[in-house]
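Student: After the sequence you'll find the predicted model.
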Amino acid sequence: MAPSSSPPSSILIIGSGVFGLSTALALATRPSFKNTRINLLDRSPFPSPDGSSIDTSRIIRADYSDPAYAALAASAQEFWRQQGDSDLGGQGSYSECGLVLVADKGKQGEKYVRESLENVRKISGSQSEGTIRELKTRKDINEAVGTGGGSGDWGYINPQSGWADAEKGMKYLHRKAESTGRITFLTSEVVSLLFSPTSTSTPNNRRVLGAKLKDSTSLHADLTILATGAWTPSLIDLRGRATATGQVLCYLSLTASEQERFAKMPVLLNMSTGLFIIPPSNGILKVARHSYGYSNPVSIPNPDPEEKGRIQVSVPRTARDDPNLWVPEEGERACRQALREMIPELGDRPFVKSKICWYTDTPEGNFLIDYHPEFEGFFLATGGSGHGYKFLPVIGEKIVDCVEGRCPVEFKGKWAWREERVENVVTEDGSRGGRPGMVLDEELRKGARL
Ligand SMILES: Cc1cc2nc3c(=O)[nH]c(=O)nc-3n(C[C@H](O)[C@H](O)[C@H](O)COP(=O)(O)OP(=O)(O)OC[C@H]3O[C@@H](n4cnc5c(N)ncnc54)[C@H](O)[C@@H]3O)c2cc1C
């Protein structure tokens with residue numbers, strides 16, 4: 001549905017991850033919404049323990065094969081680079097340690113890395129000379145990484161990328177949003193959206209009126225913005241458009257001297273396997289995989305009460321649901337192999353913690369930022385596809401531009417509601433490792449912890 005001609009008198013944003021929280025801040029500071037009541041609701045008190053936006057670290061890179069995301073990420077990096085005490089990148093929130101982006105020649109991921117190199121060279125212009133450097137052999141890669149190991153056999157190093165402490169970044173955003181004094185922060189779980197019934201006089205004019213909460217109360221709003229990350233497909237039917245996929249992360253402890261040493265390494269990401277290591281912080285090193293992930297199919301009633309029957313959707317399962325949840329053996333094995341290859345001296349160090357973190361994947365890895373075509377008063381801000389965090393300082397403004405009907409031209413087709421459903425959502429943006437089609441329960445059954 002199109003935006004209304006006048007600003008809504010009330011907006012309910014559901015989900016206070018990067019997408020929801022940044023939207024609330026942008027609405028609160030935009031003059032056209034000065035008379036709009038803004039409610040931001042999350043099922044967990046901030047910071048959400050299992051939201052995708054909260055973790056030890058997230059890669060901050062403009063290294064994209066798609067020039068539109070590369071340019072948007074470069075604009076976000078300008079904020080990350082502001083390092084004063086009261087800036088986003090200050091107090092250790094952001095570290096520009098460089099990124100070694102590699103692939104295995106002739107395999108999936110190589111094209112992504114080549115296009116990405118072209119894009120970052122263009123963005124950096126003359127600054128890229130002598131800094132962004134092609135790594136033509138495994139030996140070059142190992143030297144650039146400096147840990148005694150490496151990965152892949154071709155790639156490049158971009159010293160203008162780095163990583164952020166994800167929780168610190170979100171806390172900064174939260175403080176900024178609070179300081180506007182314009183946002184009401186609410187904690188409650190949405191059990192379903194509140195749909196208007198089909199009226200015989202206006203059969204094509206259904207609305208989302210707000211949300212029903214777990215305590216049986218309801219919240220009403222002129223405009224409801226759904227930003228519930230990987231939980232979104234459980235609240236509105238997104239079959240063939242977006243799905244939740246679980247990704248593996250394993251953590252190991254370092255001594256103080258190892259922490260000091262490896263803190264200087266660049267981020268290392270292999271786009272053929274999806275495996276990556278981000279430099280450690282607070283004595284914890286993370287090894288993870290950017291992959292097709294696991295699905296967790298569950299049968300639920302169709303979220304629209306007027307649609308009869310049940311639908312099957314992939315629903316996140318996190319440590320909040322099962323405190324003993326450990327990654328499947330195949331995922332742990334992949335992380336172990338990556339550790340042995342990337343930092344050989346730590347290769348056999350046991351993992352002290354693991355986590356399954358959930359992407360909201362779309363077919364091409366594009367975000368979904370648009371009005372729902374069937375319901376008035378209903379907007380979606382989701383589809384992070386495993387790469388949304390870095391846009392923290394800029395994505396809220398873009399989302400609100402879309403709410404006002406002014407989607408940036410370069411993202412017009414990309415962020416729009418897809419007319420056609422695909423049969424199975426498998427993100428093919430050229431960056432994913434692992435194999436598609438893995439089901440969490442099946443993989444968990446295959447093996448206990450190594
Ligand atoms: C393992 C992993 C690694 C990643 N690495 C990177 C990276 O290196 N760089 C990068 O840029 N991006 C990365 N990403 C992607 C990035 O983290 C996500 O795209 C982004 O955080 C998504 O934000 P979100 O607001 O959509 O979702 P979330 O942060 O998950 O927020 C959704 C919120 O909705 C709330 N919610 C859910 N259901 C309900 C309900 N029923 N009622 C009320 N509230 C509800 C949740 O509590 C949560 O707080 C990674 C993601 C993962 C999982």
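Tutor: Structure's in. What do you need? Numbers count the residues shown, from 1 in each chain.
Student: what about whatever residue of the stretch 1-150 of the chain ends up closest to the ligand, neighbour count?
Tutor: Using CB to the nearest ligand atom, the single residue of the stretch 1-150 of the chain nearest to the ligand is Gly17, 2.1 Å away. (Glycine included, C-beta is placed from N, CA and C.) Each residue near Gly17 was counted by other CB atoms under 10 Å, and the total is 28.
Student: go on, Leu173?
Tutor: Leu173: 23 neighbours (other CB under 10 Å).
Student: ok, for it, nearest residue in space, not its chain neighbours?
Tutor: Of all residues not flanking Leu173 in the chain, Leu21 sits nearest, at 5.3 Å (CB to CB, 6 or more residues apart in numbering).
Student: show me the contacts for the one you found.
Tutor: The contact partners of Leu21, taken as CB atoms under 8 Å, 6 or more residues apart in numbering, are Leu40, Ser53, Met170, Leu173, His174, Ala177, Gly396.
Student: so how far is Cys335 from it?
Tutor: Per CB to CB, to the nearest Å, Leu21 is found 30 Å from Cys335.
Student: now the helices for the stretch 1-150 of the chain?
Tutor: For the stretch 1-150 of the chain, the helices defined by DSSP state H, counting those that start in this stretch cover 18-29, 67-80, 110-124, 138-145.
Student: any idea which of these is most buried?
Tutor: Of these, the one with the most neighbours on average (mean count of other CB atoms under 10 Å) is helix 18-29, at a mean of 27.
Student: which residues does Ile11 contact?
Tutor: Residues in contact with Ile11 (CB under 8 Å, 6+ apart) are Leu27, Phe33, Thr36, Arg37, Ile38, Asn39, Ala221, Asp222, Leu223, Thr224, Ile225.
Student: I meant to write Gln108 there.
Tutor: By CB under 8 Å, 6+ apart, the residues touching Gln108 are Met271, Ser272, Gly430, Arg432, Gly433.
Student: How about the contacts made by the nearest residue in space to Lys390 that is not next to it in sequence?
Tutor: Nearest non-adjacent residue to Lys390, counting by CB to CB, 6+ apart: Ile60, 4.6 Å away. Shown in contact with Ile60 (CB under 8 Å, 6+ apart): Ala73, Ala76, Gln77, Trp80, Tyr94, Ser161, Gly162, Trp163, Ala164, Tyr389, Lys390.
Student: can you check Tyr359 too?
Tutor: The contact partners of Tyr359, by CB under 8 Å, 6+ apart, come to Ser52, Ala230, Ala244, Thr245, Gln247, Gly293, Gly384, Ser385, Gly386, Thr427.
Student: Run through the contacts of Leu21 and flag the ones next to the ligand.
Tutor: Filtering the contacts of Leu21 for proximity to the ligand by CB under 6 Å from any ligand atom leaves Ser53.
Student: okay if I get the contacts of Leu21 as a markdown table plus pLDDT and secondary structure?
Tutor: Shown next, in a markdown table, are the contacts of Leu21 (pLDDT from 0 to 100; DSSP: H, G, I helix; E, B strand; the rest coil):
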| residue | pLDDT | secondary structure |
| --- | --- | --- |
| Leu40 | 98 | strand |
| Ser53 | 98 | coil |
| Met170 | 98 | helix |
| Leu173 | 98 | helix |
| His174 | 98 | helix |
| Ala177 | 98 | helix |
| Gly396 | 98 | helix |
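Student: what's the closest of the contacts of Leu21 to the ligand?
Tutor: Nearest to the ligand out of the contacts of Leu21 is Ser53 (CB to the nearest ligand atom; 3.2 Å).
Student: Show me the beta-bridge partners of the residue lying closest to His220 once chain neighbours are set aside.
Tutor: Once flanking residues are discounted, His220 sits nearest to Gly210: 4.1 Å by CB to CB, 6+ apart. Here Gly210 sits in beta bridges with Leu194, His220, going by DSSP bridges.
Student: which residues in the stretch 301-450 of the chain form strands?
Tutor: Along the stretch 301-450 of the chain, the stretches classed as strands by DSSP state E, counting those that start in this stretch are 310-314, 353-361, 368-371, 378-382, 438-439.
Student: helices or strands up against the third one?
Tutor: Identification of packing neighbours for strand 368-371 by 3 or more CB pairs under 8 Å, 6 or more residues apart in numbering; DSSP states H and E yields strand 378-382, helix 395-403, helix 412-415.
Student: buried residues in the shortest one?
Tutor: Of the residues in helix 412-415, those buried by neighbour count under the rule 16 or more other CB atoms under 10 Å are Lys414, Trp415.
Student: So which residues make contact with that helix?
Tutor: Helix 412-415 is touched from outside by Ala68, Glu364, Asn366, Phe367, Leu368, Ile369, Asp370, Gly383, Cys402, Cys407, with contacts defined as CB under 8 Å, 6+ apart.
Student: Pretty sure Gly405 sits against Pro3.
Tutor: Yes - using CB atoms under 8 Å, Gly405 is in contact with Pro3, at 4.2 Å.
Student: neighbour count winner among those two?
Tutor: A count of neighbours by other CB under 10 Å puts Pro3 above the other of Gly405 and Pro3, at 15 against 11.
Student: Distance of the more buried one relative to Arg30?
Tutor: Applying CB to CB to Pro3 and Arg30 gives a distance of 13 Å.
Student: Enumerate the beta-bridge partners assigned to Leu368.
Tutor: According to DSSP bridges, beta-bridge pairing links Leu368 with Thr382.
Student: Which residues are in contact with Glu420?
Tutor: Gly240 are the contacts of Glu420 under CB under 8 Å, 6+ apart.
Student: What about it? Give its phi and psi, please.
Tutor: Phi and psi for Glu420, reported as degrees, to the nearest 10, are phi -90, psi 140.
Student: sorry, back to before: how about the contacts of helix 412-415, which pair is most distant?
Tutor: Comparing every pair within those by CB to CB identifies Glu364 and Cys402 as the most remote, at 17.5 Å.
Student: Next, count neighbours for the closest residue to the ligand within the stretch 101-250 of the chain.
Tutor: For the stretch 101-250 of the chain, the residue closest to the ligand is Gly229, as judged by CB to the nearest ligand atom, at 2.5 Å. Residues near Gly229, counting by other CB under 10 Å, number 26.
Student: quick one, what contacts it?
Tutor: Gly229 neighbours (CB under 8 Å, 6+ apart): Gly15, Gly17, Phe19, Gly51, Ser52, Ser53, Trp358, Thr360, Thr382, Gly384.
Student: Which two among these are spaced furthest apart?
Tutor: Farthest apart among these - using CB to CB - are Phe19 and Trp358, which lie 13.7 Å from each other.
Student: Those residues of the stretch 51-200 of the chain touching the ligand, which are they?
Tutor: Gly51, Ser52, Ser53, Arg58, Ile59, Glu189, Val190.
Student: Most neighbours among those residues, please name it.
Tutor: The member of these surrounded by the most neighbours (other CB under 10 Å) is Gly51, with 29 neighbours in all.
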